[in-house]
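Colleague: here you go, sequence then predicted model.
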Amino acid sequence: MSFNKIRLLDTQDKIYFQDGIREFYHTIERDKSIQVDRKTVSNKRLKSYLVRKLILIPSLFKLKLRLMDNKMINFSALISGDFGALIPYAFFSRQNFIYMHDVWPRFQYWIFPLLDLFNVKYVFFSAKQVWMDHIRKYPASRCKSMWLPEGIDADEYTSKPPHQKKIDVLEFGRRYESYHLLIKDELATQGKQHIFKRNGATMLFQHKTDLIAALSDAKIVICVPSDVTHPERAEYISSMTLRYLQAMASKCLIVGITPFDMHELFTYQAIIEIDMNNAAKQLLEILENYDTYLPLIEKNYLEVRKNHQWLNRWEIIKQKIIEV
């Protein structure tokens, strides 16, 4: 199926964790080969609440709520089971495609069947383990699926030369609390510039521009997957998130834990694994010998620009739309 027009369903949420989705949408809009009709979805929160109530009526999962087929290709990037973003558009077309983050195991029993209810033809899961779950747990699904990792628009990010970087260690996003407590005091004692969210603060950076500036100024960024920082939520799902890519695109050295997905995405050891037995000492030694890590930093930067931008992901999605 060839196509030259797509409807992009946009919730326009301002919350910080949608930075990646906004970058993704901007990438799609820059595609000159197709016409992009961007629609803002209204009353999404109410609709999402009502959708979640559908789990109380399992018989609905077998329905095909299709009022007509206007043959419009609809695309939306969703956080978990936020199907409200598809209403009403998904019920008027058989050409619905979604990219989905954060499909945690405890939600899968209703998210997977609802893909069929909402006439989703193809779903792209950001985590490989979620895609594996979809194949294993719901083999009869009419919705096709594949694993497609998160991406980035590397041009959105900047970097300073190593000798101009003023932040020694940056912790942002989800924090690995037990690790944080091991490094905080010693870094302060040694006079290192350690940036992290203080107790009582809502978030570390209020605006994306603040985050970009901090990343540009940071030598080391701590990145740990959600199954380690928040196992009660993620359980066994361990995926490469936007934060890893943001750090690499900003030419920061990542110290952390390699997610399950990254072992396949990178053919080399892209990050420095945390040494919990010598947490603070490890960071101090890295900072003392920072120049020795510059080749790895540059390799990660080039790898991200070549293979892990939203443009790479969008080309795959376009091909799947054509194939089905």
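Modeller: That came through, no problem. Numbers count the residues shown, from 1 in each chain.
Colleague: name the residues of stretch 235-252 that come out as buried.
Modeller: Neighbour-count burial for stretch 235-252, counted by 16 or more other C-beta atoms under 10 Å, picks out 237-252. Bear in mind the C-beta positions are built from the backbone N, C-alpha and C, glycine included.
Colleague: swap that for stretch 198-208, sorry
Modeller: Buried, per 16+ other C-beta under 10 Å, within stretch 198-208: 204, 205.
Colleague: so what touches that stretch?
Modeller: 16, 19, 172, 195, 196, 197, 211, 214 (C-beta atoms under 8 Å, 6 or more residues apart in numbering).
Colleague: re the thing from before, farthest-separated two in the buried residues of stretch 235-252?
Modeller: Within those, 237 and 251 form the most distant pair, 28.4 Å apart (C-beta to C-beta).
Colleague: let me see the domain layout of the chain.
Modeller: By the assignment in automatic domain parsing, the chain contains the domains 5-151+309-323, 154-307.
Colleague: centre of the chain versus the longest one, how much separation?
Modeller: On the basis of C-alpha atoms, centre = their mean, to the nearest Å, the separation between the geometric centre of domain 5-151+309-323 and that of its chain is 14 Å.
Colleague: same check, this time on the shortest one
Modeller: Using C-alpha atoms, centre = their mean, we find the averaged C-alpha position of domain 154-307 to lie 16 Å away from the chain's own average C-alpha position.
Colleague: start to end distance for it?
Modeller: Taking C-alpha to C-alpha, to the nearest Å, the first and last residues of domain 154-307 lie 11 Å apart.
Colleague: below-threshold pLDDT in the stretch 101-250 of the chain: ranges please.
Modeller: The stretch 101-250 of the chain contains residues with pLDDT under 70 at 200-201.
Colleague: residue ranges of the helices in the protein, please?
Modeller: Here the chain has its helices, by DSSP state H, at 19-29, 44-53, 108-117, 128-137, 177-189, 208-216, 226-229, 231-234, 242-249, 262-265, 279-288, 294-307, 310-323.
Colleague: need the contact partners of the first one.
Modeller: In this structure, residues lying in contact with helix 19-29 by C-beta under 8 Å, 6+ apart are 6, 8, 10, 36, 38, 75, 77, 79, 99, 150-153, 156, 208, 211, 242, 309-311, 313-314.
Colleague: list the buried residues in it.
Modeller: Per 16+ other C-beta under 10 Å, helix 19-29 contains these buried residues: 19, 20, 21, 22, 23, 24, 25, 27, 28.
Colleague: what residues does residue 49 make contact with?
Modeller: The neighbours of residue 49, taking C-beta under 8 Å, 6+ apart as the test, are residue 84.
Colleague: and it, how far is that from residue 81?
Modeller: Computed as C-beta to C-beta, to the nearest Å, the residue 49 to residue 81 distance reads 11 Å.
Colleague: ditto for residue 181
Modeller: From residue 181 across to residue 81, the span is 34 Å (C-beta to C-beta).
Colleague: which of the two has more neighbours?
Modeller: residue 81 (22 against 10; other C-beta atoms under 10 Å).
Colleague: my guess is the more buried one contacts residue 114, does it?
Modeller: Yes - here residue 81 reaches residue 114: they are 6.7 Å apart, a contact under C-beta atoms under 8 Å.
Colleague: spit out the residues that contact those two alike.
Modeller: residue 51.
Colleague: ok so, going back, tell me which of the helices of the chain sits most buried.
Modeller: helix 242-249 (a mean of 26; mean count of other C-beta atoms under 10 Å).
Colleague: tilt between that one and helix 310-323?
Modeller: 130 degrees (axes from the mean of the first three to the mean of the last three C-alpha atoms, to 10 degrees).
Colleague: tell me which other helices or strands helix 242-249 touches.
Modeller: For helix 242-249, the packing partners by 3 or more C-beta pairs under 8 Å, 6 or more residues apart in numbering; DSSP states H and E come out as helix 208-216, strand 218-223, strand 253-256, helix 294-307.
Colleague: what does it contact?
Modeller: By C-beta under 8 Å, 6+ apart, helix 242-249 touches 19-20, 150-152, 154, 156-157, 172-173, 211, 215, 218, 221, 223, 254, 259, 262, 270-271, 300-301, 303-305, 308.
Colleague: which residues does stretch 308-319 contact?
Modeller: 23-24, 27-28, 31, 34, 75, 97, 99, 124, 148-154, 245, 265.
Colleague: which ones are touching the closest residue to residue 222 other than its chain neighbours?
Modeller: Sequence neighbours aside, residue 171 is the residue nearest to residue 222 in space, at 4.7 Å (criterion: C-beta to C-beta, 6 or more residues apart in numbering). Contact analysis of residue 171 by C-beta under 8 Å, 6+ apart lists 180, 194, 195, 196, 197, 221, 222.
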